[in-house]
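# Any chance you could fold what I've pasted below:
(one chain, ligands or ions: 1)
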Amino acid sequence: VPVAVLISGRGSNMAALIEAARDPAYPAEIVRVISNRPGTQGLQTATDAGIETAVVDHKACPTKAEFETALATAIEDSGAELICLAGFMRVLSADFVARFAGRILNIHPSLLPAFTGLDTHERALTAGVAVHGCTVHIVNAELDAGPILIQAAVPVAADDTAASLSARVLAEEHRIYPAALAAVARGDLKPVNGRIVRKGLA
Ligand code: GRF
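Residues are numbered from 1 along each chain as shown. Predicted coordinates:
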């Protein structure tokens, strides 16, 4: 299954997806990496891995609608059937999500539905949770609220900082994102009426 990966920066989750997809048995292929910011580390990493890249710069688009039209074109031109948001920092409109309904995945650095939005590690520490983690979910029109595909939990240590906690969570992100993409590409997990259905289960 051809996949487009959308990034805004470092691209470590993108790199994990590219690495997983190098296995000939992996059911998805990363056909294009698209960044909304020029000059990101992720673009360089993708280029080094021999993956085609594109920049759709939101700052060069007068309106959000024009940005999203350009983004949709860059995705559709690549032949991608699935889209992975990987540290992609633009919120997509309901219209955009509807155009690719059920085919957009996102990785979020918290155990959703806790800590939607930004600064999740700081907020987890402030809240004093004992367990934190990450979530791969299908994107719907509501931010960080679509059906959950896979989650991973990590313990929070008494002396954790946002940086140390983030590193522990990130290692799990790099593990579960390729697993979730593979499951969706194989049809083992799929969204039906806003919930995830596991193949073989009613
Ligand atoms: C990750 O923690 C991801 O979950 C969050 O932003 C970070 C992006 O990191 N949405 P990277 O660009 O994948 O390295």
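# C-alpha from now on. contacts and neighbour counts both.
Will do.
# could you show me where the strands are in the chain, in order?
Shown for the chain, the strands assigned by DSSP state E span residues 2-7, 29-35, 53-55, 82-85, 104-108, 131-138, 148-155, 189-192, 195-198.
# Please identify which of those is closest to the ligand.
strand 104-108 (4.2 Å; Cα to the nearest ligand atom).
# what does the closest one rub up against?
Strand 104-108 is contacted from outside by 82-87, 97, 116, 134-139, 144, 173, 177, 181, using Cα atoms under 8 Å, 6 or more residues apart in numbering.
# what about the top helix by length along the chain, average pLDDT?
Using DSSP state H, we find that the single longest helix of the chain is helix 162-186. Helix 162-186 shows a mean pLDDT of 98.
# Name the residues that touch it?
Against helix 162-186 from outside (Cα under 8 Å, 6+ apart): 1, 12-13, 16-17, 20, 26-28, 105, 107, 109, 121-122, 125, 132-136, 149-154, 156, 189-190.
# For it, buried residues please.
Neighbour counts over helix 162-186 (16 or more other Cα atoms under 10 Å) mark 162, 165-166, 168-170, 172-174, 176-185 as buried.
# Stretch 130-148 too?
132-141, 144, 146-148.
# quick one on the thing from earlier: and the contacts of strand 104-108 near the ligand, which?
Taking Cα under 6 Å from any ligand atom as the test, the ligand is in contact with 86-87 out of these.
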